[in-house]
Every structure is written in structure tokens, then in C-alpha cells.
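Trainee: Can you look at this prediction? I've put the sequence above it.
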Amino acid sequence: MYMSTFCFGQDSPNFLWLVCEDQSLFFSIYGDSNAHTPNINQLAEDGIIYQNCYTPSPVCAPSRSSLITGMYPTTLGTHHMRAYKKNTQKIINSHNSLPYYSVKPKKPIRFFTEDLRLNGYYCTNNSKEDYNMVTSPLAWDESSETAHWRHRQESQPFFSVFNFNVTHESCIWKNTNSCSNHELENIKTPNLFPNNSEIKNDFNTNYKNIEKLDERIGVIINQLKEDGLYDNTIIFFFSDNGGPFPRFKRSIYETGIRVPMLVKWIDDTTRGKNYQFISFIDFAPTILDILNIKREFSFEGISFFKKNDRNFIYAATDRFDENNDKRRSIRKKNFKLIYNADTSTPVYRSVNYRKKMRTMQILDSLEDIKEITPYFYNWFSVNKSRFELYNVNDDYYELNNLINDPKYEKIFKSLKYHLFKWIEESDFGNMSESEMLNSMFTKTMSVPLLNTPEIISKDLGYIIKPNNINTSIGWRNKNETTWNIYKLNELIHPKDDFEVILFQPGYEILIKYYEK
């Protein structure tokens, strides 16, 4: 159950998350000047640019599950993409011949926005959830295309998320426009890619999409300033995973898991660049740490608010649509180790969705005639090494595998030890997807039921006894649409007849109607 320390008022900081999709370090704040981003640049001048922010999964839904829970996807069971779609449980997923499902984690978890709501925060999400699992009905006061902090009560502190899909992978092929030769000459693609005008055109499209993103961010920032809230709002800007191109998104390399991230704090002394390691699992505990909110069970993440306690970055890849490729990675300081469970197949995976992009079509067409850069030729090669070791500080694109260099044997052994320790401690990361489902559910994929709560009448009000452990509880008056968070042993006073809701990931949501 919840542990509330105190409720917050108008002097408490507000929080704003500005979340883009599918972007690596393609921003001028990281030295890439191809896109004009004055609004993002201004935020950076007012805050800190984080150089080493990582998602534990290089694709959106698993990474978002870690943001909302502070847990690794391999702990939750959300690491296979895509596993959950609303209203599709028990329907067979054509990509893996298994039913769609919402996970039942072993460890107790809770969407961290429930803790904020319990402590008086107005929480909004506009508008993408996409956690590869059922969203807690108690997570948001509003979650829609119109959700906004402006709908809160006067002076109520808020936590608001705005998701921008204009930079999504699909916007490369949806928004592609011809550009002049002069424009193409100014586009510098990574040396990974062939010198091809159509590939350059895709990169140019991505930069144009980033400029559209910047304009939309500017609208939100201006609204914040119009409301007189800018100075008292902590603002996070980041991407949900790496860039939209082949070898970026869905890749465990830096291009897939290292993302842009800046924070505008409310302390005027916090400016410049920061090189500490941050994982998405650290975002939730950081927010609660700022507010001194305690909870009865822990996150896997750790707070980075005025702290620098993270030593390792871990990441995992598993199924992406119709393809499986179990890879695990660890980074400490300058070095990164990758473990490949399957060495008999290429790093390349033929993802049908990605084939809509002209860049991928060109790479596929060049594979057979070897008219391709050395890197992508190796990407398509039949086999891969069991381990890959890189000095990512000097080798951002991870082209020089140091695994056979005896100078780095000590580093390799140390990283291997810590990586395999993390792998062994994973709740679901060592199982196949079918084995995981067998451990979570019955053979018929029956979703377990929660016990009915007990409602106790007392002093003209009611106490709700959940009769379930680690379960979120809410209630609302008849005809209301938003659930109130219930605190253990709280005495509530409904206006009329009321409903009670119980939520625990992996169980059927339980709603009971009570007549007053």
C-alpha cells in the first residue's frame, strides 16, 4: 500500500516531461548543427545537457515500461516487442504465434505517478502510453490528446507528460520530400552508411522532423511561461530510444540505447554538461526523491537528484516483431561489453516494418553485390562474435571490437562478471517468451482474479480493506470519470453511491459498485 509523507501545495515544484520518439544525438546541443532547434537550445542554456543517458531497451514500449515503473523490462517481462495491445489478450500474435498478453511481474511494482497523485499532484499524459502492458487506471488524472496541466485545480502542483510522434521512425517515409543538391551536400551521414543521395534525403527528412519537434516544444514552453510556471517547473527533454535508422533503433549499440536528454532544474546554479551515467529506470526514483516521497517497496533505479551513484549501464534486446535476437550489454566508464546469445545469425534482422524506409531498401539491395560500407557488410554477415568489447569513448559507433586484444583481458573479465551477475538476477530475461508466459499464467492464459475488497462503514464514511497485497486501490463517486487514489485505512466520504477499483499488473482489473 501507499505511504504518504505529506501533501504538496503551490510552492512545490512542477514537473514537465517532453518526450520525442526515435532520436539519437542528432541535435545541436550534441554538436550536430543540421537541425535548427532554438527552443531546445534555450532549454539547454537554462539547464544541464546529459551526455550519458540510456534506455535499457532500444525500442519504445519496453523503454516506456521502465520509465513509468523504475524497473528493467527484463524484470517486468515487457522486453519482447510487441507483446501487448489493448483488447487483444488471447488473440494470437502473428509475429510469434503466441497470444498477446499483459505481463504479471514477480516483484511488486507500481506506476510511480500513483505516488504523485496520492501526494496531491495532478498527473497528465498527452497522449501516448504504450507500456507493453496494461496501464494502471490510477496512473493519470488525464491521459488523452487534450490532457494538460491547465485542467488542474488552482495552485495544484502537476506532473505532465507531452509525447511528440513527429520524429517517429515512420515519419521518415511518410514525410520524405525531395530536397536540392545543395541541401544534400550539407547533410553529413555517419561513415557507417554508403554515400547515397537517397539515404542523405532520409537523414534530411529526420532533421526537418526535429525542427517540427522543436516548434511543438516551443508551444508548450510558451504556455508554461504564459501561466507564470516556467521558473518553478523542472523540465525533462529526452527521446524514448535511439534514432530511426537501421543500426540505431532496435540496436543494442550506443546509437540505439544512448539518447538525448536535458533537464532544466529550478536551481539557477545547475548549468552546462554532465557526464554521469543515467538509466531510464532512474527517472521515477529521482522524481520521488526530489519530493521526499517514500514508498514501501523499492525501484531498481536510483535517484540522480544531486547524486552520482550509478556505476553500470545495462541493456537488453530480445524479440522485435517477427525476429528474436537475445543480446545483453554493460557499460562502465569508457568500456562496453556486449553478449550475443546467438552467434549463428547476423546482427541484421529483417524487420518488415523497417523495410518501408528507403535507407533500408537501399541497404538490402546492396547486400548481394557488396557495394556497401565495411560496417554494413559485416552487419549482414552470417555470424557474429559471442562477445564484443568497445572503448565507446573513442569509438562511438562501435566499429573496433577489442575482444581479442590481450591488453583488455582484465576489463573484459570484470565487465563479463558484472553483466552475467545482472543476467542471472533477471526475473524473466533468461527465459524464452513461451517459458515466461508459462511461468506467469496457466496453459489457457487465464488472467488471475483479485480478491473482493471489504468495505467497512464507520463515522458516516467508509474504510476500504483491499484483501490483496501490493495492489493499487482507487474510488470515485457515481458518474465521475477519474479515480481517486486510496490510502491505507483512509476514511472516505462519498457523495452518493460509489465505485472501488483494484489494480495489480497481471490480474484482472476489479471494479465494484456500492450503494451508499
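Mentor: Yep, that arrived.
Trainee: mind checking pLDDT for Met3?
Mentor: Looking at Met3, its pLDDT stands at 40.
Trainee: and the chain, what are its domains?
Mentor: Domain ranges of the chain: 25-72+111-307, 318-421, 454-514, per automatic domain parsing.
Trainee: start to end distance for the first one?
Mentor: As for domain 25-72+111-307, its first-to-last residue distance stands at 24 Å under the measure Cα to Cα, to the nearest Å.
Trainee: Could you tell me how far it lies from the centre of the chain?
Mentor: Taking Cα atoms, centre = their mean, to the nearest Å, one finds the center of domain 25-72+111-307 at 9 Å from the center of the full chain.
Trainee: and if you look at the shortest one?
Mentor: How far domain 454-514 lies from its chain's middle: 30 Å, per Cα atoms, centre = their mean.
Trainee: Tell me where the model's unsure across the stretch 251-400 of the chain.
Mentor: For the stretch 251-400 of the chain, applying pLDDT under 70 flags the ranges 367-371.
Trainee: Name the residues of stretch 431-444 that come out as buried.
Mentor: Within stretch 431-444, the residues scored as buried using 16 or more other Cβ atoms under 10 Å are 431, 433, 436-437, 440-441. To be clear about C-beta, it is placed using only N, CA and C from the backbone, and glycine gets the same treatment.
Trainee: Now, those residues that are in helices?
Mentor: Mapping those onto helices (DSSP state H) picks out 433, 436-437, 440.
Trainee: Show me which of the residues you listed is closest to His493.
Mentor: Distance to His493 across those (Cβ to Cβ) is lowest for Met440, with 38.7 Å.
Trainee: what's the following helix or strand after the longest strand seen in the chain?
Mentor: The longest strand of the chain (DSSP state E) is strand 323-332. Downstream of strand 323-332, the first helix or strand assigned by DSSP states H and E is strand 335-340.
Trainee: Could you report the separation of the residue nearest to Asp130 when sequence neighbours are not counted from Ser457?
Mentor: Using Cβ to Cβ, 6 or more residues apart in numbering and skipping residues adjacent in sequence, the residue nearest Asp130 is Ala61, 5.0 Å away. Relative to Ser457, Ala61 is positioned 43 Å away (criterion: Cβ to Cβ, to the nearest Å).
Trainee: Give me the more crowded residue out of those two.
Mentor: The neighbour comparison of Ala61 against Ser457 (other Cβ atoms under 10 Å) goes to Ala61, with 24 against 9.
Trainee: Render the CA-only coordinates of the one helix or strand that one maps to in PDB, please.
Mentor: Element membership for Ala61 (DSSP H and E) is helix 60-69. The C-alpha trace of helix 60-69 is given here as PDB (Å, rounded to 0.1, in the frame of the first residue of the first chain):
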ATOM      1  CA  CYS A  60       9.600   2.300 -27.500                       C
ATOM      2  CA  ALA A  61       7.200   0.200 -25.400                       C
ATOM      3  CA  PRO A  62       9.800  -1.700 -23.300                       C
ATOM      4  CA  SER A  63      11.600   1.500 -22.600                       C
ATOM      5  CA  ARG A  64       8.400   3.300 -21.600                       C
ATOM      6  CA  SER A  65       7.600   0.500 -19.200                       C
ATOM      7  CA  SER A  66      10.900   1.200 -17.400                       C
ATOM      8  CA  LEU A  67      10.100   5.000 -17.300                       C
ATOM      9  CA  ILE A  68       6.700   4.500 -15.600                       C
ATOM     10  CA  THR A  69       7.800   1.800 -13.100                       C
END
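Trainee: Does anything pack onto the helix or strand that it is followed by? Which helices or strands?
Mentor: The helix or strand immediately downstream of helix 60-69 is helix 73-76, counting by DSSP H and E. For helix 73-76, the packing partners by 3 or more Cβ pairs under 8 Å, 6 or more residues apart in numbering; DSSP states H and E come out as helix 60-69.
Trainee: What helices and strands are in contact with the helix it packs on?
Mentor: Judged by 3+ Cβ pairs under 8 Å, 6+ apart, the packing partners of helix 60-69 are helix 73-76, helix 112-118, helix 283-290.
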